[in-house]
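Build me a model:
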Amino acid sequence: MINQYFGRCRNMKILVVGLGSMGQRRIRLLKKLDSTVDIIGIDKNAERRQYAADKYGIRLSSSLVDALKEKIDGAV
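Modelled structure (predicted):
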């Protein structure tokens, strides 16, 4: 849905900064809007990163510098 709205020919990449309760809510809402969106999560806490990856099937980054090396379409 998001990709159709913006006319993308590839999946959008969204960076979610912080994977606590608010970050997880953002992930759920993004996936509800468009299940094909590529979500990359970042958090200083390794346990929270792993929990979000296991629960939501997102990709992870341990640093903002590394996450920004990818072509990101948006961040929340």
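
Can you give me every residue that contacts the most centrally placed residue in the chain?
For the chain, the residue nearest the mean C-alpha position is I39 (2.5 Å; Cα atoms, centre = their mean). Residues near I39 by Cβ atoms under 8 Å, 6 or more residues apart in numbering: K13, I14, L15, V16, I27, L30, K31, Y56, I58, R59. Any C-beta I mention is one placed from the backbone N, CA and C, and that applies to glycine too.

Sort out for me which of those residues are in strands.
Using DSSP state E, the subset of the contacts of I39 located in strands is K13, I14, L15, V16, R59.

So which of those wins on neighbours?
In terms of neighbours by other Cβ atoms under 10 Å, those top out with V16 at 24 neighbours.

quick one: it and I42 touch, right?
Yes - counting by Cβ atoms under 8 Å, I42 is a contact partner of V16 at 7.2 Å.

Correct me if wrong: Q24 contacts Y56.
Yes - using Cβ under 8 Å, Q24 makes contact with Y56 at a distance of 7.4 Å.

Please enumerate the strands of the chain.
Under DSSP E, the chain gives strands at 13-17, 38-42, 59-61, 74-75.

follow-up on the earlier one: please give the number of neighbouring residues around the nearest residue to the residue nearest to the centre of the chain once chain neighbours are set aside.
Leaving aside its chain neighbours, I39 sits nearest to I58 (4.3 Å; criterion: Cβ to Cβ, 6 or more residues apart in numbering). I58: 21 surrounding residues under other Cβ under 10 Å.

surely I58 meets A52?
Yes - the criterion here is Cβ under 8 Å, and I58 meets it with A52 at 6.0 Å.

thinking again about what came up before, I'd like the strands of the chain as CSV, with mean pLDDT appended.
Shown next, in CSV, are the strands of the chain (pLDDT from 0 to 100):
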stretch, mean pLDDT
strand 13-17, 96
strand 38-42, 96
strand 59-61, 94
strand 74-75, 94
